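Visitor: give me a model of this one.
(one chain, ligands or ions: 2)
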Amino acid sequence: MSLLKSLENLAEESFKEFKTTEFICNYLKSCEIKNFINCNPGVFGTIDVNKDKTVAIRADIDALPLDKNKKSFKHMCGHHAHTAILLEFLKYANENREKLKCNIRFIFQPAEEIGKGAEFLIEKGAIDEVDEIYALHVEPLLNLGEIGLKKGYLLAGAKFFDLEISGKSTHAALPHNGIDIFVVFSDLVSKIQIIVSRFKDPVKSAVFSIGKVEAGYAHNIIPDKIKISGTFRFFEDEIRKIIEKKLLDTLESFKLFYGIDYKLNYLKGTIPLINDSDLIDNLTKIFKKSEFKIIENIYPMMGSEDFAFYLQKVPGVFIRFGIKEGESHPPLHNKNFYVPEKAVDLGVKLWEKIFL
Ligand SMILES: [Zn+2]
Ligand SMILES: [Zn+2]
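Guide: Ligands and ions are numbered 1, 2, ... in the order given. The predicted model follows:
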C-alpha cells in the first residue's frame with residue numbers, strides 16, 4: 001500500500017494523532033533516521049550533515065471530522081499528503097546525505113485544524129537552531145505541477161468567539177412583555193456587516209461570519225437566551241483592533257437599547273501568515289529552472305494557518321502546491337476531497353529542488 005493510502009486510512013482527530021505518530025516513527029526508523037523526538041502526538045528531528053545552516057520543513061498530520069458527533073475522520077485538507085511527501089523526501093535525503101545543502105529539521109505537526117499544534121511543538125523546541133522554515137499545502141485550485149508563491153501576507157489572522165445574549169422570555173404574541181433575543185440577533189448580524197464595511201479602510205481586507213446559532217424550543221415562546229459562535233479574519237492588527245472595539249461597542253449599545261446582557265468569550269485564534277520576500281525571490285529563481293510552473297504573486301486568502309506562528313519566529317515560506325488533475329477538483333474541507341498519488345512524487349521533487 002502507498003504511503004498516501006496508509007496515512008489516509010489512519011485519519012485522526014486534532015491532538016489525537018497517536019497512530020499516525022507511531023506510523024511516522026516506524027517509517028523514520030525503517031529509513032535509518034533515528035535522530036528525532038516523539039512528542040506523541042507529533043514528531044520532530046534532524047538529518048544532521050554538519051552544515052552551518054538548518055532549514056525546517058513542516059508537515060501537518062491531523063484530519064477533519066466527517067460528522068457532528070466526531071465519530072469518523074477524513075483527510076479533507078490533504079495533511080496526509082503533506083506527511084507522505086515529507087516522509088518520502090526524508091528517506092531520499094538520508095540516502096543522499098552528501099548532496100544536502102543544509103541540515104534538515106523535519107516537523108510532523110499535530111492539531112493544525114484547531115490552530116494549536118504549531119505552538120505546542122515550538123514550546124517543545126521544534127524550531128530551536130532553525131534558520132529558515134518551509135511548508136507546502138495542497139491547493140485544488142491550481143493544476144498539478146503549478147506552485148503558488150506570494151511575498152508578504154498570504155493568509156489571514158483569525159479570531160473565534162462565543163457570545164451568549166440574555167433577553168427576557170415571553171409569549172410570542174406579547175413581545176412587549178419581554179426582550180426578543182431574535183430581533184437582537186438579526187440586528188447584530190447587520191451591525192457586524194456594517195463594522196467591516198463602514199469602520200475600516202475598504203482597501204484593507206476583513207471578513208466577519210457567524211457559523212453557529214442555538215436558541216429556542218417552541219413555536220410560540222420567545223426564549224431568554226441565544227448562543228452565537230463566529231469568526232473574523234484580518235491581515236493587519238489595526239483592523240483586528242477596530243473589529244473587536246466595534247463589536248464591543250455594538251453589544252454595549254444593545255444593552256442600553258434592548259436591555260440585554262451578554263457574555264463574550266474569545267477563543268485562541270491565529271495570526272496572519274507572512275511570507276519572507278527574500279526567500280520567495282530565492283524560490284522563484286530555483287523553480288524557474290525546474291519543471292514546476294510558478295504562479296507568482298498568487299491571490300491571498302482569508303483562510304488561516306497556524307504555520308504563521310513559526311513565521312513569527314523564523315523567516316520562511318508557505319507554498320501553495322497544485323493538485324488539480326482535470327477541469328475541477330473538490331475543494332478543501334469537502335467530503336469528496338482527495339489527493340492524487342502523482343502529487344506525492346511531485347512534492348518530493350519540490351523539496352529536492354530546495355534542499356539538494
Ligand atoms: Zn484545513
Ligand atoms: Zn490544511
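Visitor: point to the residue nearest the middle of the chain.
Guide: In the chain, the C-alpha closest to the average C-alpha coordinate belongs to E305, at a distance of 2.8 Å (CA atoms, centre = their mean).
Visitor: separation between that residue and D48?
Guide: 28 Å (CB to CB, to the nearest Å). The C-beta positions use only the backbone N, C-alpha and C, and glycine is treated the same way.
Visitor: do D281 as well
Guide: From D281 to D48 the distance is 28 Å (CB to CB).
Visitor: residues touching I210, list them.
Guide: V189, I192, I228, S229, G230 (CB atoms under 8 Å, 6 or more residues apart in numbering).
Visitor: who wins for most neighbours among those?
Guide: I228 (21 neighbours; other CB atoms under 10 Å).
Visitor: from H79, how far out is E291?
Guide: Using CB to CB, one gets 25 Å for the distance from E291 to H79.
Visitor: the two: who's more crowded?
Guide: H79 (27 against 9).
Visitor: quick one, phi psi at the residue nearest to the centre of the chain?
Guide: The phi/psi pair for E305 (degrees, to the nearest 10) reads phi -150, psi 130.
Visitor: repeat for F232
Guide: According to degrees, to the nearest 10, F232 has phi -130, psi 150.
Visitor: if we ignore the residues flanking it in sequence, what's nearest it?
Guide: F208 (4.1 Å; CB to CB, 6 or more residues apart in numbering).
Visitor: repeat for N336
Guide: P330 (4.0 Å).
Visitor: which pLDDT value goes with the one you found?
Guide: P330 is assigned a pLDDT of 97 by the prediction.
Visitor: what of K268?
Guide: Reported pLDDT for K268: 85.
Visitor: which stretch of helix or strand covers it?
Guide: K268 belongs to strand 261-270 when assigned by DSSP states H and E.
Visitor: that strand: partners in the sheet, and parallel or antiparallel?
Guide: strand 157-166 (antiparallel) (DSSP bridges).
Visitor: what are the contacting residues of the strand it pairs with?
Guide: Counting by CB under 8 Å, 6+ apart, 115, 181, 184-185, 188, 224-235, 237, 240, 243-244, 251, 254, 260-272, 304, 308 sit against strand 157-166.
Visitor: quick one: neighbours of L256, just the number.
Guide: Quick note: L256 (other CB under 10 Å) scores 8 neighbours.
Visitor: quick one on the thing from earlier: tell me the contacts of the residue nearest to N336?
Guide: Here P330 is in contact with P140, N336, F337, Y338 (CB under 8 Å, 6+ apart).
Visitor: go on, Y266?
Guide: Y266 neighbours (CB under 8 Å, 6+ apart): K159, F160, F161.
Visitor: and if we set it to 10 Å?
Guide: Going by CB atoms under 10 Å, 6 or more residues apart in numbering, Y266 touches K159, F160, F161, D162, L163, E244.
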